[in-house]
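>>> Build the 3D model from these lines:
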Amino acid sequence: MLAVVPAIAFCQGPPPDAREIVRQAIAADRKEAELARQYTFIQRNDEADLDGAGKIVKRQVRTYDVTLLEGSPYRRLLAVNDKPISEAEQKLEEQKLQASIEQRRNETPVERERRIEEWRRKQEKQREPVRELLDAFEFRLAGEETLAGGETYVIDATPKRGYKPKSTATSFFPKVVLRLWIDKAGHQWVKLTMDVRDTVTFGGFLLRVAKGGHLTIEQTRVNSEVWLPKRATLNASARLLLVKGYHKNIDVTFSGYRKFQVESRVVSTEADRER
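Residues are numbered from 1 along each chain as shown. Presented below is the predicted three-dimensional model:
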């Protein structure tokens, strides 16, 4: 990966408009949302609590296979702390899977549609911050960079003065700054970083993240047709339920993307170890 090169070094005429680049990225993300729902994947969640000296005091790693089951996702545990679950746990996971298959296949058409629609609503809720970016931030083209095998625009975003969040999903916007890497060819997100400049709250005020928190989200091109999450990391001092203070490192990786087919099945632990 190359260092960011100032945009002026590339421009013989006026530099590209940063706000327009972001607008095109939002439009591209909206178009790819339906395509992204067609993919299954392996998700590895690595969560660690650290003490004041940065030493890990508690850590848990859980790996899941996330597939589509009768129209909406189903998550099956594969490994804990990077070790395959025991035979007894595998049997339990298999029982849970079969029970879910039976339950979903016995749904009425109305129940099935309600379940799938609820999943879609949750996904749209997660995309609310993306849709509100143009209203919430001022954008500046910081340069260009080669990233993930392609050329990207690097754009800095700072909170717009006077901006009022429209929902709880975007209530933290006035207290963070962003840096965006946007693919020049397809106008899609490649990477995003967020730095917390003042204490922010998430999840209906159940989680508070202190100043200095840092979030990085990376995406990858899959099957030459869609950008999908590759990695998300959060390093932050936080307070859960406004009571417990701790330093938290969360690292979530996504791999093994497979385009869903009718015959797609949840992978076994052995299959996962061969990935």
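
>>> going forward, measure contacts and count neighbours with C-alpha atoms only.
Noted.

>>> Need the contact partners of stretch 43-52.
56-66, 246-255 (CA atoms under 8 Å, 6 or more residues apart in numbering).

>>> Among those residues, the buried ones, what's the ChimeraX command?
To isolate the buried members of the contacts of stretch 43-52 in ChimeraX, using 16 or more other CA atoms under 10 Å:
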select :61,62,63,64,65,66,246,247,248,249,250,251,252,253,254,255
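
>>> which ones among the contacts of stretch 43-52 are found in strands?
Counting by DSSP state E, the members of the contacts of stretch 43-52 that fall within strands are 56-66, 246-255.

>>> And the strands in this structure?
Going by DSSP E, the chain shows strands at 39-50, 56-69, 72-80, 83-84, 137-147, 150-159, 176-183, 189-196, 200-202, 207-209, 214-222, 226-240, 244-259.

>>> Would you format those as CSV with distance to Glu117 and mean pLDDT included?
Shown next, in CSV, are the strands of the chain (distance: least, CA to CA, whole Å; pLDDT from 0 to 100):
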stretch, distance to Glu117, mean pLDDT
strand 39-50, 17, 93
strand 56-69, 14, 93
strand 72-80, 9, 95
strand 83-84, 33, 97
strand 137-147, 31, 96
strand 150-159, 33, 97
strand 176-183, 30, 97
strand 189-196, 26, 95
strand 200-202, 24, 74
strand 207-209, 27, 71
strand 214-222, 25, 94
strand 226-240, 21, 85
strand 244-259, 20, 86
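
>>> And those: which comes nearest Glu20?
Closest to Glu20 of these, according to CA to CA: strand 137-147, at 9.4 Å.

>>> List the buried residues of that closest one.
Buried-residue list, strand 137-147, by 16+ other CA under 10 Å: Phe137, Glu138, Phe139, Arg140, Leu141, Ala142, Gly143, Glu144, Glu145, Thr146, Leu147.

>>> For these, name the two members farthest from one another.
Phe137 and Thr146 (24.5 Å).

>>> and the strands of the chain as a markdown table, adding distance to Ile116?
Shown next, in a markdown table, are the strands of the chain (distance: least, CA to CA, whole Å):
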| stretch | distance to Ile116 |
| --- | --- |
| strand 39-50 | 15 |
| strand 56-69 | 10 |
| strand 72-80 | 6 |
| strand 83-84 | 30 |
| strand 137-147 | 33 |
| strand 150-159 | 35 |
| strand 176-183 | 31 |
| strand 189-196 | 26 |
| strand 200-202 | 25 |
| strand 207-209 | 28 |
| strand 214-222 | 24 |
| strand 226-240 | 21 |
| strand 244-259 | 18 |
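
>>> Surely Glu151 is in contact with Glu145?
Yes. Contact criterion CA atoms under 8 Å: Glu151 and Glu145 qualify, at 5.9 Å.

>>> Distance of the residue nearest to Val177 when sequence neighbours are not counted relative to Leu178?
Here the nearest residue to Val177 in space, its sequence neighbours aside, is Thr158; by CA to CA, 6 or more residues apart in numbering that works out to 5.0 Å. Distance of Thr158 to Leu178, computed by CA to CA, to the nearest Å: 7 Å.

>>> same thing with Gln98?
For Gln98, the distance to Leu178 - CA to CA - is 43 Å.

>>> Could I get the buried residue list for stretch 114-132?
Result for stretch 114-132 [16+ other CA under 10 Å]: buried residues Arg127, Pro129, Val130, Arg131, Glu132.

>>> just those now: which is nearest Leu35?
Among the buried residues of stretch 114-132, Arg127 lies closest to Leu35 (CA to CA), at 14.7 Å.

>>> Now for the closest one: which residues touch it?
Applying CA under 8 Å, 6+ apart, no residues contact Arg127.

>>> How about Ala25?
Ile182, His187, Gln188, Trp189.

>>> how about 6 Å then?
Ala25 makes contact with His187, Gln188, according to CA atoms under 6 Å, 6 or more residues apart in numbering.

>>> Could you do Phe172 as well?
Applying CA under 6 Å, 6+ apart, the residues contacting Phe172 are Val200.
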